[in-house]
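1. Quick one, structure for this:
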Amino acid sequence: MVNVVRTQIAAAITTAITAALALVAAAPVQATPALSPYVAMGDSYSAGSGIIPLDPNVTPVCARTTRNYPNLVAQSLGLASFTDVTCGDADTSHFYQKQWPSLIPQLDAVTADTKLVTLTIGGNNNNTLIKVISACISAGSVTAGFGNPCEEIYGGQFVDDILNKTFPDVKKALADIRAKAPSAKVAIVGYPQVMPADNSNCFLKMPIAKGDVPYINNIQGTLNSVVKRAADETGATFVDMSSSVGHDSCKPIGTRWVEPAVWGVNFVPIHPNATGMQKMADQVLAAIR
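-> Residues are numbered from 1 along each chain as shown. Down below sits the predicted model:
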């Protein structure tokens with residue numbers, strides 16, 4: 001009789017332990033519905049412009065890929081409701097008005113029941129970042145990579161615009177997202193490093209004058225700093241991409257997260273590659289979890 005009781009007790013303990021382990025294993029799955037519906041907003045760094053395959057559900061001019069970080073986040077979390085309104089060349093004005101006739105204003109996708117919003121935005125406001133780099137490539141080509149012609153032409157114009165125009169625009173956009181979806185977690189992702197942080201250059205890949213590399217890095221650093229400030233002041237989460245240092249466009253294939261202007265693998269240059277998209281997704285997942 002004693003042995004029978006012991007056997008029953010042991011069986012009960014085993015069952016209890018098994019049930020507890022099952023509950024622990026199921027916990028992450030139970031947590032994910034709180035992040036659905038999910039809306040992805042933003043520009044080409046959100047859309048993954050230049051990476052194949054293209055998303056067939058949007059106009060090709062957006063150059064949006066199905067392998068962008070929003071898709072990777074949605075897949076990782078197993079979210080049932082996911083809306084992607086990202087589009088290449090978008091700026092904050094396209095949150096309120098159509099960027100193309102076939103598109104809706106991006107903010108229209110956010111509703112009161114939205115639980116997660118991610119975005120990368122601000123880089124196209126006032127012709128910043130990518131267009132700055134394009135201008136500096138033009139200037140650097142003229143001087144064959146010598147001097148700092150871009151800085152001499154534009155001076156503090158871009159930094160002033162970021163501080164005085166981009167910052168309030170991004171802050172307003174984040175505040176308006178919060179107003180439409182008060183219970184949502186809002187995560188705004190910084191821009192990964194484009195030029196080497198040590199101010200070196202690679203003229204054959206990125207034909208920018210050596211003296212303009214620190215100039216561009218300062219502009220990008222200012223942009224990321226105001227995006228973080230806008231996030232802090234509106235209760236959003238800033239997803240820091242400082243881990244991209246050492247993975248800039250000058251690095252070889254397999255190391256770089258951002259493609260160069262020349263000899264790159266993306267059909268849209270100076271944008272994150274597939275590895276960069278995955279790293280951005282990883283940072284988003286770490287931030288929202």
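
2. for stretch 124-137, how far is the first residue from the last?
-> For stretch 124-137, the first and last residues are 17 Å from each other (Cα to Cα, to the nearest Å).

3. What residues of that stretch count as buried?
-> 124-126, 128-130, 132-133, 135-137 (16 or more other Cβ atoms under 10 Å). The way it works is simple: take the backbone N, C-alpha and C, and place the C-beta from them, glycine included.

4. Work out the gap between stretch 100-108 and the centre of the chain.
-> On the basis of Cα atoms, centre = their mean, to the nearest Å, stretch 100-108 sits 20 Å off its chain's mean C-alpha point.

5. residues making contact with that stretch?
-> 41-42, 58-59, 61-62, 85-87, 90, 94-99, 173, 176-177, 180 (Cβ atoms under 8 Å, 6 or more residues apart in numbering).

6. how does it look with 10 Å?
-> Stretch 100-108 is contacted from outside by 39-43, 46, 58-59, 61-62, 83, 85-87, 89-90, 92-99, 117, 119, 121, 173, 176-177, 179-181, using Cβ atoms under 10 Å, 6 or more residues apart in numbering.

7. what's the span of stretch 233-247 from first residue to last?
-> One end of stretch 233-247 to the other measures 30 Å (Cα to Cα).

8. Residue 117 falls within a strand, correct?
-> Yes: under DSSP: H, G, I helix; E, B strand; the rest coil, residue 117 falls within a strand.

9. Please identify the helix or strand for the nearest residue to it once chain neighbours are set aside.
-> Using Cβ to Cβ, 6 or more residues apart in numbering and skipping the chain neighbours, the partner closest in space to residue 117 is residue 186 (4.7 Å). Under the criterion of DSSP states H and E, residue 186 resides in strand 185-189.
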